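Participant: Give me a model of this one.
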Amino acid sequence: MTQERLLEKINNRKAEIGIIGLGYVGLPLMLRFCDEGFHVTGFDIDPSKVNSLMNGVSYIKHLSSEKLKNLISHDPPLFEATSDMSRLGRMDCIIICVPTPLNDKREPDLQYVENTAKVVSENLRSGQLISLESTTYPGTTEEVLLPLFEHNGLKAGKDFFLVYSPEREDPGRKDFTTKTTPKLVGGMTQNCLKAGSAMYSRIVDSVVELSSPKVAELSKLLENIYRCVNIALVNELKILCDRMGVDIWEVIEAAKTKPFGFNPFYPGPGLGGHCIPIDPFYLTWKAREYDFSTRFIELAGEVNTTMPYYVVQKVMDALNGCGKPVKGSKILVLGVAYKKDVDDLRESPSMDVISLLKEKGAEVIYNDPYIPVAVSHRKKFRMESCELTEDILQCSDCVVITTDHSDYNYRWIVENSKLVIDTRNATSGIKSANILKA
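Facilitator: Okay, the predicted model is just below:
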């Protein structure tokens with residue numbers, strides 16, 4: 001199939017879209033293509049995810065099961081999920097949205113990208129467009145994907161089209177959506193860029209064309225590094241302000257009044273999600289290839305990693321002030337999601353806070369209306385949410401707020417608790433003697 005034919009199918013919304021990886025990136029992307037009338041096939045190696053989706057059940061809270069059912073029951077269906085990777089050969093456009101974690105040595109773990117690329121290569125045919133959206137180090141598209149795809153004699157820009165377009169999902173965000181967030185696209189060739197831009201322009205309001213995949217890969221990392229470093233800065237200042245007897249939250253609010261030259265960042269119990277705790281270290285690893293040390297990234301990671309320890313120390317100090325040791329104390333943690341009003345547990349610092357408190361002998365339970373069961377195989381963590389009742393609050397020696405969910409009635413929580421440690425400023429509007437800021 002020629003490039004002209006591919007562009008014609010994209011522009012007429014007749015192109016078959018295949019999305020590999022049906023998680024926090026792949027599913028919102030699928031919905032956007034379906035909203036624009038494209039037929040989408042979702043690919044995932046997890047049969048439980050495929051079965052759930054084909055039964056019209058969304059496993060991501062902010063993505064509606066009702067909408068999913070409507071897509072499946074549409075005549076003809078706009079979406080289907082499968083684990084049969086041989087069907088990739090039928091797709092006109094293939095988008096890779098698989099995880100890119102770190103290994104135990106804090107180095108990039110590209111096994112999911114590499115394994116997926118091998119499967120795509122086995123099914124690659126002339127005229128297909130492949131886009132990698134997984135966050136990764138600069139050079140991945142060119143150094144890892146391109147050789148696999150050209151192995152059988154096909155050439156990028158002539159026989160198939162290869163681009164990198166980083167995901168910019170932010171679960172739970174209300175002011176920007178997949179549609180309204182500008183899409184970066186970097187192509188291996190101008191023909192690749194043209195095909196990638198044509199596809200994404202069907203589903204987003206603005207496409208930003210870049211000179212190469214490497215620029216797009218590094219742009220994504222810069223976005224996350226910017227946040228990582230600035231959060232580390234304000235976390236460090238929080239600890240200093242605590243020692244100085246200054247309210248860091250009042251300081252930030254004061255600085256925000258300047259209409260230029262300042263963007264507010266906020267302290268917390270640590271970093272969660274995939275982007276900020278993990279992605280910056282993809283660049284740290286790649287920089288070593290150029291005999292370069294990314295000192296700001298390493299320092300920011302060090303500061304942010306220590307925050308759960310700081311929170312636990314504040315809990316110990318508060319309990320000590322009440323004449324109670326942490327060992328044997330009953331502690332209720334409110335919120336294990338990594339951010340407000342989502343069911344996303346990835347890299348949540350709340351799990352570290354709970355684990356550290358348990359190591360010191362505390363009896364710890366948690367409540368989170370979005371996460372009934374908290375599981376992290378990497379952190380060897382599994383707990384079930386308890387019911388949030390007046391009795392639970394009154395029986396707890398300390399309540400630690402780690403995630404400020406909108407569902408929580410903080411005034412009621414404070415009124416029925418002996419001691420509240422607030423790590424997220426969720427109760428900033430409530431005046432009570434038994435609230436301490438961590």
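Participant: you'd agree residue 69 is in a helix?
Facilitator: Yes. Judged by DSSP: H, G, I helix; E, B strand; the rest coil, residue 69 forms part of a helix.
Participant: per-residue confidence for it?
Facilitator: pLDDT, residue 69: 94.
Participant: Just list the residues touching it, thanks.
Facilitator: residue 56 (C-beta atoms under 8 Å, 6 or more residues apart in numbering). All C-beta spots, glycine's among them, are computed from the backbone N, C-alpha and C.
Participant: And the helices in the stretch 251-400 of the chain?
Facilitator: Secondary structure of the stretch 251-400 of the chain (DSSP state H, counting those that start in this stretch): helices at 275-278, 280-287, 295-305, 307-321, 349-359, 390-395.
Participant: scratch that, the stretch 51-200 of the chain
Facilitator: Ranges of helices in the stretch 51-200 of the chain, per DSSP H, counting those that start in this stretch, are 65-73, 111-123, 140, 146-149, 190-201.
Participant: Can you lay out those as a markdown table showing distance to residue 31?
Facilitator: Formatted as a markdown table, the entries for these read as follows, by distance: least, C-beta to C-beta, whole Å:
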| stretch | distance to residue 31 |
| --- | --- |
| helix 65-73 | 7 |
| helix 111-123 | 21 |
| helix 140 | 26 |
| helix 146-149 | 27 |
| helix 190-201 | 15 |
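Participant: For residue 350, which of the ones you listed is the nearest?
Facilitator: helix 111-123 (25.4 Å; C-beta to C-beta).
Participant: So for that closest one, what gets flagged as buried?
Facilitator: 112, 113, 116, 117, 119, 120, 121, 123 (16 or more other C-beta atoms under 10 Å).
Participant: Give me the mean pLDDT for that helix.
Facilitator: Mean pLDDT, helix 111-123: 97.
Participant: Likewise for stretch 378-397?
Facilitator: Per-residue pLDDT values over stretch 378-397 give a mean of 93.
Participant: Buried residues of that stretch, list them for me.
Facilitator: Residues 381, 383, 385, 388, 392, 393, 396, 397 are the ones in stretch 378-397 that count as buried (16+ other C-beta under 10 Å).
Participant: And residue 121, how far from residue 153?
Facilitator: Taking C-beta to C-beta, to the nearest Å as the measure, residue 121 and residue 153 are separated by 12 Å.
Participant: ditto for residue 420
Facilitator: Applying C-beta to C-beta, the value for residue 420 to residue 153 is 66 Å.
Participant: what about the two, which has more around it?
Facilitator: The neighbour count for residue 420 versus residue 153, taken as other C-beta atoms under 10 Å, is higher for residue 420 (25 against 6).
Participant: what's across from the more buried one in the sheet?
Facilitator: Under DSSP bridges, the beta-bridge partners of residue 420 are residue 399, residue 435.
Participant: I figured it hits residue 414, correct?
Facilitator: Yes. Here residue 420 reaches residue 414: they are 5.6 Å apart, a contact under C-beta atoms under 8 Å.
Participant: Which secondary structure elements does the helix ranked longest in the chain sit against?
Facilitator: If you go by DSSP state H, the chain has its longest helix at helix 213-244. Applying 3 or more C-beta pairs under 8 Å, 6 or more residues apart in numbering; DSSP states H and E, one finds that helix 213-244 contacts strand 161-164, strand 183-187, helix 248-256, helix 275-278, helix 280-287, helix 295-305.
Participant: now, of the ones you listed, which is deepest in the fold?
Facilitator: Of all those, strand 161-164 has the most neighbours on average by mean count of other C-beta atoms under 10 Å, namely a mean of 29.
Participant: Okay, now the sheet partners of it, with direction.
Facilitator: Within its sheet, and counting by DSSP bridges, strand 161-164 is paired with strand 129-132 (parallel), strand 183-187 (antiparallel).
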